[in-house]
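K.L.:
fold the following and give me the result.
(4 chains)
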Number of protein chains: 2
Amino acid sequence: MKNILRALRTERGWSQAELADRLDVSRQSVNAIETGKYDPSLPLAFSIARLFGRGIEDIFDDGLDTATAAE
Amino acid sequence: MKNILRALRTERGWSQAELADRLDVSRQSVNAIETGKYDPSLPLAFSIARLFGRGIEDIFDDGLDTATAAE
DNA sequence: TTGACATGTCAAGCAGGCTTTACAAAAGAT
DNA sequence: ATCTTTTGTAAAGCCTGCTTGACATGTCAA
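P.N.:
Numbering: from 1, shown residues only, chains lettered A, B, ... in the order given. This is a model prediction of the structure:
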C-alpha cells in the first residue's frame, strides 16, 4: 500500500518524531509506514486522515481500481 | 469503531458468507467486523469501501471529531 | 419432522501492527 | 571538529486481525 505521508509531513516541516507525537504513536511506527514496511491499522489511518484534513483514500492507495461508475 | 457493514450487506440481500466470498475473507471475519469484535485492516477496509462504492469514512466511524473547518 | 441455510461464538495458530530500547549514519549548526 | 537533530533499522514482546474447524441456535421450506 502506497501513501503520501512523507510529503504531507515535510510540507509542514515536521520531523517523524513530531508527527509521531501528534498521532500518539511511536516514531518507529511513523517511519515504518512512510518507508512502506507495513500499513497502519484502520484507527491510525483515521487519525492520520483527520490530522491532515483529508480522506483516507487521498493519503493511502492500495493500487486496485476504484471502480468508479463508467459515467 | 462503528460501521454500517451489516446495513450495506442486507440492503443487497447477501449472507455473511456471500459477502465474505466477495471480499475474499472468511465468514468469521465478516461476522466479527459486523458485531464490532475488531476493526478490519486498512487493506480490507479498502476492499469493503470499493465493493460498496463508498468512501471508507462513509462506512466506518471511529467516533472522534472530523475537525471540519468552522466555516 | 427433517434438512438446509444463516448467524453467533469458541479455540488454536500464524501474520501483522505497535511498543521500547538501542545503535549507526547523515546533515546542520556553531 | 564537535554537538544535535533526523532518519533508518534491529530485536523482543504484546495485542490484534485473520484463518480453519467445529458446534449451537434459529428460521424457513418441504
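K.L.:
hey, let's count contacts and neighbours off CA atoms from now on
P.N.:
OK.
K.L.:
residues of chain A that sit close to DNA strand D?
P.N.:
A:10, A:14, A:15, A:16, A:17, A:28, A:31, A:32, A:34, A:35, A:41 (Cα under 7 Å from any atom of the strand).
K.L.:
for the helix or strand containing residue A:7, give me every contacting residue.
P.N.:
Residue A:7 is part of helix A:5-11 when elements are defined by DSSP states H and E. Helix A:5-11 is contacted by residues A:15, A:16, A:19, A:33, A:34, A:52, A:59 when judged by Cα atoms under 8 Å, 6 or more residues apart in numbering or on different chains.
K.L.:
for the residue of chain A found nearest chain B, what are phi and psi?
P.N.:
Using Cα to the nearest Cα, the single residue of chain A nearest to chain B is residue A:42, 5.0 Å away. With angles defined as degrees, to the nearest 10, residue A:42 sits at phi -60, psi -40.
K.L.:
that one: how many residues sit nearby?
P.N.:
22 (other Cα atoms under 10 Å in any protein chain shown).
K.L.:
which residues of chain A score low on pLDDT?
P.N.:
The model of chain A has pLDDT under 70 over residues A:67-71.
K.L.:
what ranges do the strands span in it?
P.N.:
For chain A, the strands defined by DSSP state E cover A:2-3, A:60-61.
K.L.:
do the first one and DNA strand C come into contact?
P.N.:
No - using Cα under 7 Å from any atom of the strand, strand A:2-3 stays clear of DNA strand C, with a minimum separation of 11.9 Å.
K.L.:
show me what that strand is packed up against.
P.N.:
With contacts taken as 3 or more Cα pairs under 8 Å, 6 or more residues apart in numbering or on different chains; DSSP states H and E, strand A:2-3 sits against strand A:60-61.
K.L.:
paired strands for the strand it packs on, with orientation please.
P.N.:
Looking at strand A:60-61 with DSSP bridges, its partner strands are strand A:2-3 (antiparallel).
K.L.:
what lies in contact with the strand it pairs with?
P.N.:
By Cα under 8 Å, 6+ apart, strand A:2-3 touches A:34, A:36, A:59, A:60, A:61, A:62, A:63.
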